[in-house]
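> Here is my input, please return the structure:
(chains A and B)
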Amino acid sequence: MRRGLTARLFLWPTVAFAAYLALASMPGAWSTVLHAVFPSETRVLYQQASMFELIGRTLELVAISSVLSIVVGVLLGILVTHGAGTDFLDVVTDLANLGQTFPPVAVFTLAVPILGFGVMPTVLALTLYGVLPVLQNTIAGMRTLPSAIVESAAGMGMSPTQSLLRIEVPLAAPVILAGVRVSVVVNVATSTVGAIAGAGGLGAPIISGLVNADPGVTLQGAVLIAALALILDAYLGALEKGAARAVGIGR
Amino acid sequence: MITFDHVTKRYEGTARPAVDDLSLQIPEGETVVLIGPSGCGKSTSLRMVNRLIEPDSGTVSENGRDVRDFPPEELRRQIGYAIQGVGLFPHFTVGENIGVVPRLLGWEPARITARVEELLGLVGLDGLAYMDKYPDELSGGEAQRVGVARALAADPPVLLMDEPFGAVDPLTRERLQSEFVDIQARLKKTVVFVTHDIDEAVKLGDRIAIMREGRLIQYDTPERVLAYPADEFVAGFVGAERALKRLSLAPISEALDPAVGLNDPKATVPLDSSLRTALARIIEFGVPVVGITDEAGNVVGSVSIESIVERFKRPLL
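Numbers count the residues shown, from 1 in each chain, chains lettered A, B, ... in the order given. Sure thing, here's the model as predicted:
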């Protein structure tokens, strides 16, 4: 029987996402609740853009930087665990660790003079940040493959590319996807800092509320970003679970 | 025929070569068992046949052609490979696992399916029931059978088997060994088989190559290895019970006497048993001689403790 990814796995994340969008379409309700929480405040909602626009921009930032992080992280991870690339394993791991310790605000400060304000420096910072978990997990996934399986693939006459695409990557996929999940969720949270560089998104109400002393506006952005992170986490968790089932783990 | 000609392989950072000047001929259609303690170079030697490991010097050739003349992938698709831990791909069904090499060779899907069913039958599994199972739905013994079927998939003339029955319980292991002997009697592949189990070597091998620290110590038939161990090491390796192991290789016909002096009508053994079974019956019944029965149960002769001892005094060719 075929098994692995099934639509069922994605049912609850999809329900949650639909509810999230429905709530985002009701600014009136938000206003009522936030006024109740902060009765002394006059301004409790971000005015410069609708919640849909903010969510859309955040998803855009996260999507671009996550795709870049995944591509770079997976390719680098494969490269340094195969053939001559293994010589660079330590160097690459150290560099990725360094990237992780570098504060995103510092990346903006250094990148803005070169890339200008807006989306570009944010995507750069998020990408640098997102590579490490993907890279680490790709390396771990590749190095923990059972040697009997990898050797069988070679011994049966698969070329290195066939072995990689048909055997190694599919079998390491659950571990790699766990890294992708961490990377994406961290990216969602970190993307709010991008508002400082003028990238917009759900960071904008958080920063705006902070600057103008409007706690309601900050709370609006914070709730929306946290819920979005949870929903994406649930989606990627379902993907990870499906991949694990497909390779015979966790049934 | 596979020929090792003065083959040496040294791994970086080790004091002695893993394989040291190995010369060995594996005749067509025979099963040669490479055996020895861990680190004796048996697995390294096996892997040089399909170029998973390349020798530092010397040549490995198949039917007179250096294996390095073939591109590695092409070479490996013509050599069956089964290893310890089986190495079945967990995300492939049993059918897909067995069909890996045929698919690499570009066979038609219908031909692959037919071949998979045929092979599952050959290794004693019901094709239709097993084809769509996944490896984690199989018992250890079933997985090993699928491993053997996979190695045979493209009907390669040569099979490399690296402790293929290593990871199952003793009973299953013995059954798999017997089935392997039956299959090999029909298919007549050239088999290189690695094990550290002398009983397995004696049971499966047409010849046994005993290795130690990368060198070939003795290369002979199982019976001669047991009867004439080359040195103290081999004698120790085949064990103090080597006489009993030899008995298990000797058919009863080699010590058959007329049916006389039989006291206990129940003290009999079937004609197709080994002398080891006959000896066990002699001890069990506490008699000097046991009767031999044919398939119908008629006593056709006898074996005595003296005739067994006499049989052992005869030199082997």
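> Please identify which helix or strand holds whatever residue of the stretch 1-150 of chain A ends up closest to chain B.
Relative to chain B, the nearest point of the stretch 1-150 of chain A is residue A:148 (3.8 Å; CB to the nearest CB). All C-beta atoms are positioned from the backbone trio N, CA, C, and that covers glycine. For residue A:148, the host element (DSSP states H and E) is helix A:147-155.
> Give me the average confidence score over that helix.
When pLDDT is averaged along helix A:147-155, the result is 91.
> Show the contacting residues for residue A:193.
Applying CB atoms under 8 Å, 6 or more residues apart in numbering or on different chains, we find residue A:193 in contact with A:104, A:105, A:108, A:122, A:125, A:203.
> Show me just the buried residues among those residues.
A:104, A:108, A:122, A:125, A:203 (16 or more other CB atoms under 10 Å in any protein chain shown).
> In this model residue A:127 seems to touch the first one, though I could be wrong.
No. Look at residue A:104 against residue A:127 with CB atoms under 8 Å: they stay out of range, at 10.8 Å.
> what helices or strands is the helix holding residue A:148 leaning on?
strand B:79-83 (3 or more CB pairs under 8 Å, 6 or more residues apart in numbering or on different chains; DSSP states H and E).
> ok, then the element right after the strand it packs on?
helix B:94-98.
> That next one: how far from the chain's middle?
The chain centroid and the centroid of helix B:94-98 are separated by 24 Å under CA atoms, centre = their mean, to the nearest Å.
> CA atoms of it as PDB?
Provided in PDB are the C-alpha atoms of helix B:94-98 (Å, rounded to 0.1, in the frame of the first residue of the first chain):
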ATOM      1  CA  VAL B  94       9.600  -5.300  -1.900                       C
ATOM      2  CA  GLY B  95       8.800  -5.300  -5.600                       C
ATOM      3  CA  GLU B  96      10.600  -2.000  -6.200                       C
ATOM      4  CA  ASN B  97      13.600  -3.200  -4.100                       C
ATOM      5  CA  ILE B  98      14.000  -6.300  -6.200                       C
END
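> Contacts only, for residue 127.
Went with chain A since none was named. So residue A:127 contacts A:65, A:68, A:69, A:72 (CB under 8 Å, 6+ apart).
> Not quite, go with chain B.
Here residue B:127 is in contact with B:116, B:117, B:118, B:120, B:121 (CB under 8 Å, 6+ apart).
> If we use 10 Å, what do you get?
B:94, B:95, B:98, B:113, B:114, B:116, B:117, B:118, B:119, B:120, B:121, B:149 (CB atoms under 10 Å, 6 or more residues apart in numbering or on different chains).
> Quick check: the farthest pair among these?
For the contacts of residue B:127, the maximum inter-member distance is 15.0 Å, found between B:94 and B:114 (CB to CB).
> When these two are compared, which one has more neighbours?
The neighbour count for residue B:94 versus residue B:114, taken as other CB atoms under 10 Å in any protein chain shown, is higher for residue B:94 (27 against 13).
> any idea of the mean pLDDT for the helix or strand harbouring residue B:118?
For residue B:118, the host element (DSSP H and E) is helix B:109-122. Mean pLDDT, computed over helix B:109-122, is 93.
> next one: stretch B:64-81
On average, stretch B:64-81 scores 92.
> wait, does it make contact with chain A?
Yes. Residues of stretch B:64-81 contacting chain A under CB under 10 Å from any CB of the partner chain: B:71, B:72, B:73, B:74, B:75, B:76, B:77, B:78, B:79, B:80, B:81.
> Compute the first-to-last residue distance for that stretch.
21 Å (CA to CA, to the nearest Å).
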